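Engineer: I'll drop the sequence and a predicted model, then ask my questions.
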Amino acid sequence: MRRLLPLLLAAGLVLAGAASADVIRAPRHGGVLVGTPRADRFLGGPGADAVQAAFGGVDRIACGAGRDVVSADLADRVAASCEVVGRRLSLDPSTNAASQHETAVEPDSFSWGSTVVAAFQLGRFERGAASAIGTAVSSDAGRTWRRSSLPALTVESSPAGSWSAASDPAVAFDAAHGVWLAGALAVAQGTTGVVVARSPDGLRWSAPVVVATGPILDKDWFACDDGAASPHRGRCYATYTDDSREQTVVQHSDDGGATWSAPVRAAATLVGTQPVIQPDGTLVVVAGDYNGQAGLTGSIASLVSADGGETFARSLVAPLRAHASGPLRAIPLPSVDVDPAGTIVAAWHDCSLSVGCGGNDLVLSTSTDGSTWSAPARVPLSAGGVRVEAFLPGLVADPTRPGHLGLDYAFWLPGSCPAACRLGIGFVSSTDGGATWSVPQQLSTEPIRMSWLPRSEGGRMIGDYLSTSYAAGRFVPVYTLATAPQRGRLHEAVFAASLAAGPRPRR
């Protein structure tokens, strides 16, 4: 695979996109092409080009011979000569004065067959949460998409006294009942609620069902037992943290999310609970156990239940030590999945394997039972041949082939920090359970400046997690990108690409 060095070095950045331009041509050796608010025509050259066409009119993009990366709107016309195409899933329709517009952060996604459903925050508030939860669905493994949103979870449409903000979107599919679930944390004056909307197709959503309420609930996640051999097939789980009671809570539903069981205390306070289910029905929840609010030290823990979420046994996955992420909000939350052989895979960012904890690596740990875990191993990541500091992994396991993994992530462009940090988004895959990895593929089209991102508690924000799904032989990374604000309005959105999951070069 040809590396996209011109995209990574500031000296090679080409900004072609004056307000009067309608034809934007690539330089001979490749570079970054940035569009205008109007309908543009992009003409790629023989080098490796990166085309930022999103947030404009209906553009036409033709690429050249190099390995090209495109960020486009849903209606843009992108030629087959463009190898990596990210489509903009989010559209922030809210107009309230308190939100930061246009912003979209914190995507989650899930797939079943060739269908992929994604959910994300829209209109991020600086104090926390957002003005709406947006969703998008693809029926062709991430090539094309349709947008929607969760009803009654938008500031503009909520009745007086109802939810005033929403956060922490999560997506699951209940194959036994044929129902998509989109969960979220709903916020109102003096209370929070874990809620879930239901859909037959990922496009039309029911009014949210309230799973639980409390003074301070946080970081909900959902998973459904779709295993043909599981004694609990058709059971869906909701996991979250109840900070007021200092506990980690699990609830379950046996009717496609319409009703939910009483809360079960699974452990003391853990953060970022991610549930996965092995083929035999064993439920494993992986989360962070942090020392202090910064979340830079502590451990990654697992909770194992063999009785359908009634009782849990706790184990240590690994100690945690993370490097401060500077101007970006980046909590070392785990991303977890399970492959068809029942191997559980967890990834998070950690600095223990770098000299003097000088920067974060993505690390990977695996388990066959949720109780005993392998020592964390570094995922080798680079940009332009230079090792990078990475964080916010979005991990997926191919549900049809054991050991096949996909992983998207954020990283600092080499040499950009600490003076003027620039952010990139990348993707790698593995066919041997993480022993070796493909050469990194860059998904971002231009270096992302921190001033292009919304403010939040803890730093500028693209989300506390990213996501990758697997659908019909393709990896579908779902991630956040931003370009320069226009007329005082931010231009940050959630994108998705569709990448063939065939053999790729390794390192």
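Structural biologist: The structure has been received and is ready for your questions. Numbering: from 1, shown residues only.
Engineer: Can you list the low-confidence ranges for the stretch 51-200 of the chain?
Structural biologist: 154-161 (pLDDT under 70).
Engineer: Go again with 80.
Structural biologist: 152-162 (pLDDT under 80).
Engineer: now the strands for it?
Structural biologist: Using DSSP state E, counting those that start in this stretch, the strands of the stretch 51-200 of the chain run over 60-62, 69-72, 77-78, 84-88, 99-112, 115-125, 130-138, 146-149, 165-174, 179-188, 191-199.
Engineer: Let me know the pLDDT of Ala21.
Structural biologist: As predicted, Ala21 sits at a pLDDT of 50.
Engineer: Break this structure down into its domains, please.
Structural biologist: 5-86, 89-500 (automatic domain parsing).
Engineer: returning to that earlier point: let me know which of the strands of the stretch 51-200 of the chain is the nearest to Gln52.
Structural biologist: Among the strands of the stretch 51-200 of the chain, the nearest to Gln52 by CB to CB is strand 69-72 (5.3 Å). (Glycine included, C-beta is placed from N, CA and C.)
Engineer: returning to that earlier point: make TSV out of the domains of the chain and add mean neighbour count.
Structural biologist: As requested, the domains of the chain are exported to TSV (neighbours: other CB atoms under 10 Å):
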stretch	mean neighbour count
domain 5-86	19
domain 89-500	21
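Engineer: picking that back up, pipe the strands of the stretch 51-200 of the chain into CSV and attach distance to Ile300 per row.
Structural biologist: Formatted as CSV, those follow (distance: least, CB to CB, whole Å):
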stretch, distance to Ile300
strand 60-62, 41
strand 69-72, 32
strand 77-78, 39
strand 84-88, 30
strand 99-112, 19
strand 115-125, 24
strand 130-138, 27
strand 146-149, 33
strand 165-174, 19
strand 179-188, 22
strand 191-199, 22
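Engineer: Out of these, which gets nearest to Pro275?
Structural biologist: Among the strands of the stretch 51-200 of the chain, if distance is taken as CB to CB, the winner is strand 165-174, at 9.1 Å.
Engineer: tilt between that closest one and strand 179-188?
Structural biologist: Counting by axes from the mean of the first three to the mean of the last three CA atoms, to 10 degrees, strand 165-174 lies at 160 degrees to strand 179-188.
Engineer: coming back round to it: closest to Gly281 out of the strands of the stretch 51-200 of the chain?
Structural biologist: strand 165-174 (14.4 Å).
Engineer: other SSEs contacting the closest one?
Structural biologist: Here strand 165-174 touches strand 99-112, strand 115-125, strand 130-138, strand 179-188, strand 217-224, going by 3 or more CB pairs under 8 Å, 6 or more residues apart in numbering; DSSP states H and E.
Engineer: and the angle for it with strand 115-125?
Structural biologist: 170 degrees.
Engineer: residue ranges of the helices in the chain, please?
Structural biologist: Secondary structure of the chain by DSSP state H: the helices cover 5-8.
Engineer: any idea what sits nearest Ala501, other than its immediate chain neighbours?
Structural biologist: Spatially, and ignoring its direct neighbours in sequence, Ala501 is nearest to Phe475 (5.2 Å; CB to CB, 6 or more residues apart in numbering).
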